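**Q** My questions concern the predicted model and sequence given below.
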Amino acid sequence: MSQELQLRPHALLAQLEETGNLSPAGLILPADITPARYEAIGTLLYAWGEGWRWAVGDWLIQGHGIFGDDFYQYSEVLNLSVRMRQYLMQVAEKIPPGPRRRVPELHWSHHRAVCMLEPEECDKFLQLAIDNGWTKQQLEDAAKGRIPEPPPTAFLPSNYVVERVLSAAEQVYASAKVSETPEYYLVESRAIHNLADALGVEDPIVE
């Protein structure tokens, strides 16, 4: 845990809110933010109610712009899978900060359902969701056929994902021990969970 987070657990978020940098519609980071403060803010954002998804998505995108590839290691403080970080970044990128695009009356999942549409179409369907009181599933059904296949995210390149998978696989191999039954191996559960996270799959059941 960073020293900033230990010393000022919520003062960082309060300061961002007071200056208008943080709201339920998104997050704007100072360009001169330090890595320690960046990590501290990210850790706290994760526990910040419904708005955390928007704020964390903005935090990831702006972190990439400020810190370059170093933001990968800083984003580990979230303890989120690579896939979830990709989703958060994708929605935040497609629907930028601001109440004119991000509709506070709707959940983040509504926005995710239509974020791949052209901006005008996206805004139209979000307004229809408000007018008709649609659930996320009803919105998806209404927009079906108009949503293209999402392209690979530009922020978490495949070579980084491959490196994580290889590293996690090496941890599995290093922790494997022969069990009483020769054809079976015992592997530390932490290594299995790390590999599942690197692959972007749900955590496996570990006995």
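**A** Everything's here; your move.

**Q** From residue 141, how far off is residue 123?
**A** 18 Å (CB to CB, to the nearest Å). The way it works is simple: take the backbone N, C-alpha and C, and place the C-beta from them, glycine included.

**Q** Compare these two and say which is more crowded by neighbours.
**A** A count of neighbours by other CB atoms under 10 Å puts residue 123 above the other of residue 123 and residue 141, at 16 against 12.

**Q** from what I can see the more buried one touches residue 101, true?
**A** Yes. A contact is recorded between residue 123 and residue 101 when judged using CB atoms under 8 Å, the distance being 6.9 Å.

**Q** Tell me which stretches of the chain form helices.
**A** Assigned by DSSP state H, the chain shows helices spanning 3-7, 11-18, 35-45, 52-67, 71-74, 82-94, 108-114, 119-132, 136-143, 158-175, 189-199.

**Q** Can you tell me which of the ones you listed is nearest to residue 26?
**A** Nearest to residue 26 among these is helix 52-67 (4.9 Å), distances taken as CB to CB.

**Q** Which elements pack onto the closest one?
**A** The helices and strands touching helix 52-67, judged by 3 or more CB pairs under 8 Å, 6 or more residues apart in numbering; DSSP states H and E, are strand 26-27, helix 35-45, helix 71-74, helix 82-94.

**Q** Most tightly packed of the ones you listed?
**A** Relative to the other members of the helices and strands packed on helix 52-67, strand 26-27 carries the highest mean neighbour count by mean count of other CB atoms under 10 Å, namely a mean of 23.

**Q** outside of that one, which residues touch it?
**A** 16, 21, 45, 54-55, 58-59, 62, 92, 96-98, 102 (CB atoms under 8 Å, 6 or more residues apart in numbering).

**Q** Give the buried subset of those as a PyMOL selection command.
**A** Isolation of the buried members of the contacts of strand 26-27 (16 or more other CB atoms under 10 Å) is achieved in PyMOL through the command below:
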select buried, resi 16+21+45+54+55+58+59+62+92+97+102
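
**Q** shaky segments in the chain?
**A** When residues are selected by pLDDT under 70, those of the chain lie in 1-10, 46-51, 99, 147-168, 170-185, 187, 190-191, 193-195, 197-207.
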